[in-house]
Structures are given as structure tokens and as C-alpha cells.
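**Student:** Model the structure of this input:
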Amino acid sequence: MEDQSGMDAHLANQLRTLFAKMVNDIDIVLFTDPNGNDPYCDAARQAIRMFRQLTDRIQVREFDLTHEKAVEWEITESPTIVIQPDHYNLRWIGAPVGEEGRIFLETILLIGTGESNLSEQSKKVMAKVDDPRRVKIFVSPSCPYCPQEAINGVKAAVERPDTVSLEIIDIQCKPVIADQYNAHSVPQAFANDLLIGQGAQSEEVFCASLAGLEPQTVFIPDVEADEIETDVVIVGGGPAGLTAAIYLERSGLKTALVEKEALGGQVATTPVVENYTGFTSVGGKTLVDIMVTHAMEYAQIFKGEEVLEISGSDPFIVKTSRRTFTARRVLLATGATHRHLGVPGEERLSGKGVTYCATCDGPLFRGRKVIMAGGGNSAVTEALYLKNMGVDVSIVHRRDTLRAQSHLCKQLEENGVPVIWNTEVQEILGDRRVNRVVLKNNKTGEAQTVDIDGVFIAIGYKPATQLARLAGIDLTDEGYIAKQEHHRTNVPGIYAAGDVEGGYKQIVTAVGQGAEAAMSIFEDMINPYWQREQTVKLEAVSA
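**Tutor:** Numbering: from 1, shown residues only. Okay, the predicted model is just below:
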């Protein structure tokens, strides 16, 4: 049985009950094309009329695209539904039918109550968004996953009307707009014309993606506490640190992992990881996401905090840029950072054509000419990544042979990536961004200036040992932490793992070292090795 709204009477009564809880009147403005009888316009009218008949809170106006309001609000597409324009910047391009009807219903309820219904963690993320976010979410009437992503956008727009504007776009109604964004699958979300989500995301992940203007796959809850007591603090969120966190927590030790930058370390910016056990080939970011998700099941992760000082001894006092940790043990898994060429123009033009990450910045150079400085696995892998992306890339190497593995060198040849041998970058030139580079042949001494759009640098890493120095930890002649047996350092209670120790720069090696260090910490917590050593010395003296 149907009521006058045209829907099932039981459903209509349920909706009336929900609408009765709304405290705000809702102004809906429908813009349509005056020159045609568009079926999408008719569908939009019917959908709006159906909901309006269930509550007096909804007020509807209809204008055509020549109306002064259409000009004032810069509306050019028909049909466009503008919802509560005095309070929000929220538009719907298309007709809310099929699965999209669910989105429209929940949008009305959210605006009617004036509450975003975001979780507290999501609200904290949104509170930190200072710059405008122009969000577009592409949906389809037949997509059962679209409502979740679209409602994420509506919640964000209701929570931060001062910052977030939202357009929900039906790709079947507006395929031309979908083509402009290459949105040929739904749902897809864009912010400031950057892709931030493909597929349905959880609310927290969507908000994190919106805040960071890039797709996120995991959400790390914020912790407000100024002081935290734990068994172990891990400094560094690369493969070694993440693995150690899992093993420590599984051993029964409460663990906090602190990372000042991107989780995953160098792996997060590696285009493709080959032959990590279990994967013939896997994206670096994908592998990191798997590791982070696993570690989050056990340990607390504190992202975006820099450890400033480590003092004391059982307990150690670990001060970060946000809080203070008290811990019985500390594991340094601080990894290594990119080495710089140290040539004029490199620092000045960093981020303006000089880059150390093909994954991060490669898309900006599609169709443009760049050089890759380096000759190892990283340089060759990233050069191949750039080539496959459509970047005109050449490798500049100071020797006459590459240090990369043979199969990578073969791929370089097969893909037609030229190598400029026995040559070094002498200077990077440009006013506001890179436009030239001076290359010097170290055999002939001849220098030449080459027009170029970008300089990618992949010449190895230097260990991040500043904290180790401050804590009085011994370093090797090469600048790495001087590890003792079982990843111990010369400071009792402080351990090391991963690239900061030197050795093979392999992900699988770092993972193994993280597990070893964790087990060593657990064993030493039960029976500290320095106490055992003292006992042995006393027994020797007594004898």
C-alpha cells in the first residue's frame, strides 16, 4: 500500500518519524535547463517532491539556468540541486535516484539536525584543516558503495561549512565531467582537483585523506595525553620499527612507536618493491599500508611527533615535540635519509624541480624532460618508474658502469632510458624553478649546460643518528650506530635496528632486525644482560 508520496506506507511513516526530529528548515533550490525536457530534471523533481511531502521542514524553489541566482552561484549544469545555500556550499549534479536516494535522505537528515555525526577522532582531523577544500564525489545510481563515500563528504561539509564545499556528481547524468577527472569507476573523491579516495573509505580515513590531500588507507587515532608510561618506546616507523612493535606487544610488553614523518620510511616512497617474500612485485606504499595496519592491531603509533631528547635510565624519559614518554627500554629504528649532491642550486630549488622522490613528484613531470642522478638500484628503479609514467628521463652517472642489479640494467636498456656516463651534476640553475643544469664530464673536464625541467636525485642515504649522539651511543667510522650483540648499544637499555645500523639496505633485512631486537629486549627485560655481566665479574673476583 502506498501513501500520497508514492512510497510504501510503512516506509513513509518511518521517514516522517525521522523528519520530525529535525530542528532546522531546509531550503532546496533546483536549477534546470529551460530549453529541454530532460528526464534527469523530471527525476530530480520527483525525488525532491517525494521527501517534501513527508515534512513541512523542506522548502523547494526551482529556477532555470538563466536565473540571476544561477549566475550569482556560478551554476552551469542541469539539473543541479543546491541544499541550504545560506549555511552550506553543498550541491548535487544529477538526480538522487536509486542508491543515490540513500545519500539524499541522509543529507536531509544531517542538515535538518545541524549535526555532522562525525566521530570525535574525525572531528579532530577536520578541526586542523585550515585551507579551503573543494570536494567532488562521483557516484552512480547503481553503486551500492557510493552512499558511504558520499555521506563522508556531506558530514565533512556539515562539520566545516567554512572550509569544505561539496559537489556530488552522477557520472551517468554527467559523463563529460567524469571524463574530465578520469572518473570512470565509482565512488571516487577529489579535493582541490586531487584524487583523495577511490572506492568507499571509512569516515576517519576519508577525513585524513581530505586533510592531507592524498589518499590514505589507514587512520591513526590521535592521543591527547601529555605523559604516557610504557614498557618500550620505538623511535622510527620503518619496516624495522613496525615489525619490532608487533613482536614486543605479542611478548606482553606495552609499546609506543613514534615517527616524525611518513610511516614506512624509504619503502613508502619506493615505486615498486620486487621479491619481498610473498610478493614477486608490490607497490611500496601498498606494502607499507599492510605493515602499518598489522602493527596498529598491537601497538600505539604516534605519527607526526619528533623525538627531541632521551634521558635517564630504566626508566628512560623520551621527550617528543608533543609529549613525554616514560619507558623501561628504547629501540632506535631511525633509518636513513637521502644523500644530497651538495651542488649550488640544489637546496635553493628543492621542491621547485629538485626532488628525491619519483613516487611523490613524478606525476608533475609527465611529458617533461628530467635527469636522474645516481647509478644504484634506487636510481634505476625510479628512472624506470618515471619512463613508464611518460617522463623523458636520462640517468646521469659519475662512473662508466651502473651499480644496479643486472636485471634492472637490462630493463633500462629495453625501455630506452639513456645513460650519460662519467658525468656529474655541477650546478642546478633556475630562478623560480629548475630550467637548466650544468653537467661536467669527469674524464674530459668538459662542462655543458642542458635545458631541463627537473632533477631527481637517488645517490644513497645517510643514517639518522642525531638522537644516538645525544644519548651517548657509539657510532661506527661510517656514522652508523655501533651495534653490539643482539642489537644492543653501549648504553644499557637502548637498542638499535634497521638501516641506522648499516649493513644491507634491504626491507627483509630490516624486518628481521626489528624482530631480533624485539626478542632481545624481551629477554633482557626478564634478565638484564648488564646485571648478568656484573654477576659474572663478581663471581670471578670472589674466586
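**Student:** Please enumerate the strands of the stretch 351-500 of the chain.
**Tutor:** 354-355, 369-373, 392-396, 419-420, 423-429, 436-441, 447-451, 454-457, 461-463, 494-496 (DSSP state E, counting those that start in this stretch).
**Student:** How far off centre is the second one?
**Tutor:** Just to be clear, that refers to strand 369-373. 25 Å (Cα atoms, centre = their mean, to the nearest Å).
**Student:** Equivalent analysis for the longest one, please.
**Tutor:** Centre-to-centre, strand 423-429 and its host chain are 32 Å apart (Cα atoms, centre = their mean).
**Student:** Give the rounded mean pLDDT of it.
**Tutor:** For strand 423-429, the mean per-residue pLDDT is 97.
**Student:** What residues of that strand count as buried?
**Tutor:** Across strand 423-429, burial judged by 16 or more other Cβ atoms under 10 Å covers Thr423, Glu424, Val425, Gln426, Glu427, Ile428, Leu429. Using the backbone N, CA and C atoms, a C-beta is placed for each residue, glycine as well.
**Student:** try the second one
**Tutor:** When burial is assessed from 16+ other Cβ under 10 Å, strand 369-373 yields the following buried residues: Val370, Ile371, Met372, Ala373.
**Student:** from the residues you listed, which is closest to Ser122?
**Tutor:** Within these, the smallest distance to Ser122 is 38.7 Å, found for Val370 (Cβ to Cβ).
**Student:** So if we follow the domain assignment, how does this structure break up?
**Tutor:** What automatic domain parsing lists as the domains of the chain is 9-212, 227-337+463-531, 354-459.
**Student:** give me the low-pLDDT residue ranges for this protein?
**Tutor:** Within the chain, the stretches with pLDDT under 70 are 1-7, 36-37, 360, 529-543.
**Student:** which residue is nearest the middle of it?
**Tutor:** With distances taken as Cα atoms, centre = their mean, Gln216 lies nearest the centre of the chain, 4.4 Å away.
**Student:** Could you look up the SS state of that residue?
**Tutor:** At Gln216 the chain is in coil, as set by DSSP: H, G, I helix; E, B strand; the rest coil.
**Student:** Make sure it is actually in contact with Glu203.
**Tutor:** No: counting by Cβ atoms under 8 Å, Gln216 stays clear of Glu203, with 11.9 Å between them.
**Student:** which residues touch Ala471?
**Tutor:** Ile310, Val491, Ile494 (Cβ atoms under 8 Å, 6 or more residues apart in numbering).
**Student:** Who wins on neighbours among those residues?
**Tutor:** Ile310 (24 neighbours; other Cβ atoms under 10 Å).
**Student:** Distance check, that one against Glu120.
**Tutor:** To Glu120, Ile310 is 32 Å away according to Cβ to Cβ, to the nearest Å.
**Student:** And the helices in the stretch 151-300 of the chain?
**Tutor:** For the stretch 151-300 of the chain, the helices defined by DSSP state H, counting those that start in this stretch occupy 175-180, 203-212, 239-250, 284-296.
**Student:** Pull out the buried positions in the longest one.
**Tutor:** Yep, that's helix 284-296 we're talking about. Of the residues in helix 284-296, those buried (16+ other Cβ under 10 Å) are Gly284, Lys285, Leu287, Val288, Asp289, Ile290, Met291, Val292, Ala295, Met296.
**Student:** Closest one to Thr76 out of the residues you listed, please.
**Tutor:** Nearest to Thr76 among these, with distances taken as Cβ to Cβ, is Lys285, at 36.7 Å.
**Student:** wouldn't the closest one be in contact with Gly264 here?
**Tutor:** Yes: using Cβ under 8 Å as the test, Lys285 is close enough to Gly264 to be in contact (7.4 Å).
**Student:** hang on, the earlier thing: redo the buried residues of helix 284-296 as a markdown table? Include distance to Ile507.
**Tutor:** Shown next, in a markdown table, are the buried residues of helix 284-296 (distance: Cβ to Cβ, whole Å):
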| residue | distance to Ile507 |
| --- | --- |
| Gly284 | 9 |
| Lys285 | 13 |
| Leu287 | 8 |
| Val288 | 10 |
| Asp289 | 14 |
| Ile290 | 12 |
| Met291 | 9 |
| Val292 | 14 |
| Ala295 | 15 |
| Met296 | 19 |
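**Student:** between the residues you listed, which is closest to Glu149?
**Tutor:** Asp289 (18.4 Å).
**Student:** just checking, the closest one touches Phe219?
**Tutor:** No: look at Asp289 against Phe219 with Cβ under 8 Å: they stay out of range, at 11.4 Å.
**Student:** Most widely separated two among the buried residues of strand 369-373?
**Tutor:** For the buried residues of strand 369-373, the farthest-apart pair by Cβ to Cβ is Val370 and Ala373; their separation is 10.1 Å.
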